[in-house]
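got a structure for you, letters missing:
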């Protein structure tokens, strides 16, 4: 009740479904599985919405592969392409264990190597098989790098040392900002989704607690959301972000339409001109 824009938060978080009513996947830590508590300081999760959220959603996105279309010159539509020998020593994968293993699982399942019950909660056997495939690929020099940091992924792609890799949307934006072709490629198996939000330590009270709520309400009021949207992320409250973006950039970033004018990054650098392809 203290969150001004609570009713405008996308239903992925509050109902576990898309705006059209379609249920989102429940693999891994789907937000709706961990969004609510039965009571204020409960240590278990509620099975349905309550007055107590574990955190207030702020941003979400779905990660996929980044590619250099000018250096590949053919369609890429599956995660399995990351292990295609065609890209030997030109592929890279994320080396942050908690999410890199998810990218690997998307690749394994797409290639038919492994069928997981829940990629976000693997069995020991599934983990062992996944790691073994990665070890074998590494020995065969499939990977140019295992990147750990944003700028590393940008440099690998911009230099052409890598033509296909795990990538984050802002990194693709950065490469394009440098004038280098780069696509955040949709894949037929789908994306690896993630989400984040703001929470409060339970010892905060009084005026400090009021300030925390004020900050959260400001965060959802639109300026931050527009900033996030301009790098390919999605704010948890889309309506306020839309009010802080012009029609052309909303159509480009959120509707996937061709640009009708200059499209700029969050820092104001041009990344697309009129009639460039949508991302």
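Sure thing, it's come through. Just so you know, these numbers come straight off a predicted model, no measurement behind them.

so what's the residue count around residue 190?
Using other CB atoms under 10 Å, residue 190 has 13 neighbouring residues. For the C-beta atoms, the positions are set from N, CA and C on the backbone; glycine is no exception.

and if you look at residue 245?
Neighbour tally, residue 245, other CB under 10 Å: 19.

repeat for the one 4 residues further on
Here the count is done by other CB under 10 Å, and residue 249 has 20 residues near it.

residues in contact with it?
Applying CB atoms under 8 Å, 6 or more residues apart in numbering, we find residue 249 in contact with 230, 263-264.

which one is residue 13 nearest to, not counting chain neighbours?
residue 57 (4.3 Å; CB to CB, 6 or more residues apart in numbering).

confirm for me that the one you found is in contact with residue 9.
Yes. Contact criterion CB atoms under 8 Å: residue 57 and residue 9 qualify, at 5.8 Å.

shared neighbours, the two?
Common neighbours of residue 57 and residue 9 (CB under 8 Å, 6+ apart) are residue 236.

and the contacts of residue 249, which are buried?
230, 263 (16 or more other CB atoms under 10 Å).

on the three-state scheme, the closest residue to residue 236 other than its chain neighbours is what?
Nearest non-adjacent residue to residue 236, counting by CB to CB, 6+ apart: residue 57, 3.8 Å away. Following DSSP: H, G, I helix; E, B strand; the rest coil, the label given to residue 57 is strand.

and the lowest-mean-pLDDT helix or strand in the chain, which residues are buried?
Ranking every helix and strand in the chain by mean pLDDT, DSSP states H and E puts strand 270-272 at the bottom, with a mean of 81. Under the neighbour-count criterion of 16+ other CB under 10 Å, strand 270-272 has 271-272 buried.

just checking: what are the partner strands of that strand?
strand 263-264 (antiparallel) (DSSP bridges).

quick one: distance of the partner strand to the chain centre.
From the chain centre to the centre of strand 263-264 is a distance of 20 Å (CA atoms, centre = their mean, to the nearest Å).

cool, stretch 198-213 as well?
For stretch 198-213, the distance to the chain centre is 28 Å (CA atoms, centre = their mean).

in terms of helices and strands, where is residue 66?
Assigned by DSSP states H and E, residue 66 belongs to strand 56-67.

likewise residue 171?
Going by DSSP H and E, residue 171 is in helix 169-177.

ok so, going back, per-residue confidence averaged over the helix or strand following the strand holding residue 66?
Remark: after strand 56-67, the chain's next helix or strand is helix 69-72, criterion DSSP H and E. The predicted model assigns helix 69-72 a mean pLDDT of 97.

who does the following helix or strand past helix 69-72 pair up with?
Remark: after helix 69-72, the chain's next helix or strand is strand 91-94, criterion DSSP H and E. As defined by DSSP bridges, the strand partners of strand 91-94 come to strand 143-147 (parallel), strand 164-167 (parallel).

which one of those is the most hemmed in?
Comparing those by mean neighbour count (mean count of other CB atoms under 10 Å), strand 164-167 comes out on top with a mean of 27.
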